[in-house]
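In: Predicted model follows, preceded by the sequence.
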Amino acid sequence: MTTILIRAIQITVSSQRRNGNTELSLAKLCQVALSLRLDKSQQCSAWHRRPLKKKQIEYAALDAAVLPKLLDNMLLAIQYTFKGST
């Protein structure tokens, strides 16, 4: 599964670079692949402080929650790419 994910990311990044997009981040991948804007306002918050704030926990959970959806979307894109090249 890890190899599939890495290949999916490589294809997505390659496609984005062909379209002139050079930024690679989870937020950018979600924007492009899922039409979803991730709120990154908690990215640089005080993660070392405990207890974590509710917004920090929600931020971390959302980052984790989008990964399966992103993978599914990328796998569909790979299938489409390979069907079109045969």
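Out: Sure thing, it's come through.
In: So, low pLDDT: which residues of this protein?
Out: Residues of the chain that meet the criterion pLDDT under 70 lie in 1-8, 12, 21-23, 84-86.
In: Return the list of helices and strands in contact with the longest helix along it.
Out: When the chain is parsed with DSSP state H, its longest helix is helix 54-84. Helix 54-84 sits against helix 2-18, helix 26-34, with contacts defined as 3 or more CB pairs under 8 Å, 6 or more residues apart in numbering; DSSP states H and E. In short, each C-beta sits where N, CA and C put it, glycine included.
In: how distant is it from the center of its chain?
Out: 5 Å (CA atoms, centre = their mean, to the nearest Å).
In: That helix vs helix 26-34, what angle?
Out: Relative orientation of helix 54-84 versus helix 26-34 (axes from the mean of the first three to the mean of the last three CA atoms, to 10 degrees): 50 degrees.
In: And helix 54-84, what's buried?
Out: Across helix 54-84, burial judged by 16 or more other CB atoms under 10 Å covers Q56, Y59, L62, D63, V66, L70, L71, N73, M74, I78.
In: just stretch 35-54 next, same as before
Out: Judged by neighbour count using 16+ other CB under 10 Å, the buried positions of stretch 35-54 are L38, Q42, L52.
In: quick one: contacts of it?
Out: Applying CB atoms under 8 Å, 6 or more residues apart in numbering, the contact partners of stretch 35-54 are L26, A27, C30, Q31, K55, Q56, E58, Y59, L62, D63, V66.
In: make it 6 Å
Out: The contact list for stretch 35-54 (CB atoms under 6 Å, 6 or more residues apart in numbering) reads A27, C30, Q31, K55, Q56, Y59.
In: and what of stretch 55-69?
Out: Identification of contacts with stretch 55-69 by CB under 6 Å, 6+ apart yields C30, Q42, S45.
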